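# got a structure for you, letters missing:
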């Protein structure tokens, strides 16, 4: 007798929660239409706010089509929580890569990948880079020392803010 009363209570409880959740999840259509802005207006408002944000003296180095990740990186740089590592490509281009102070070699590699992906999206050009091929073919080198251990911190290689790291072709083992 007791278990059937308990089941009835549970059923009433589940029904109550289900009906309340349904009401909360699906507000009246009239309320939704009154408060909603068209998508184009929301985009305009967002772009205006973003443009104002990028005009800030601390964030003026960022591109117009900035991502949240880039804004956070720039703020971390200003507070000394991150550092810029200049990565020199074979064609002479220098990529300013932002990583946290206690970043590992793997974090630097991931940041390089992300930097290149964003650059390609903004400028067009090559659609896909095989990073597996890149890391299998090239070493990152700092002052003649290869950054071979992905788990090792950049500090352990004595890499500091604004230091330059280069790509060097790996020699094949025969």
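Cool, got the structure. What you are looking at is a predicted structure, and each value in this text was computed from that prediction instead of being measured.

# where exactly do the helices run in this structure?
2-25, 29-35, 39-54, 68-78, 105-123, 131-137 (DSSP state H).

# burial count for residue 70?
For residue 70, the count of nearby residues is 19 (other CB atoms under 10 Å). For glycine as for every other residue, the C-beta is placed from the backbone atoms N, C-alpha and C.

# so who does it touch?
62, 63, 118 (CB atoms under 8 Å, 6 or more residues apart in numbering).

# The first one against residue 55, yeah?
No: the pair residue 62 and residue 55 fails to qualify as a contact (CB atoms under 8 Å) at a distance of 10.1 Å.

# before we move on, back to that, counting neighbours, which of the contacts of residue 70 end up buried?
Neighbour-count burial (16 or more other CB atoms under 10 Å) is assigned, among the contacts of residue 70, to 62, 118.

# Okay, residue 59 and residue 127: tell me how far apart.
29 Å (CB to CB, to the nearest Å).

# Neighbour count for those two, which is higher?
Remark: of residue 59 and residue 127, residue 59 carries more neighbours, 15 against 7, as counted by other CB under 10 Å.
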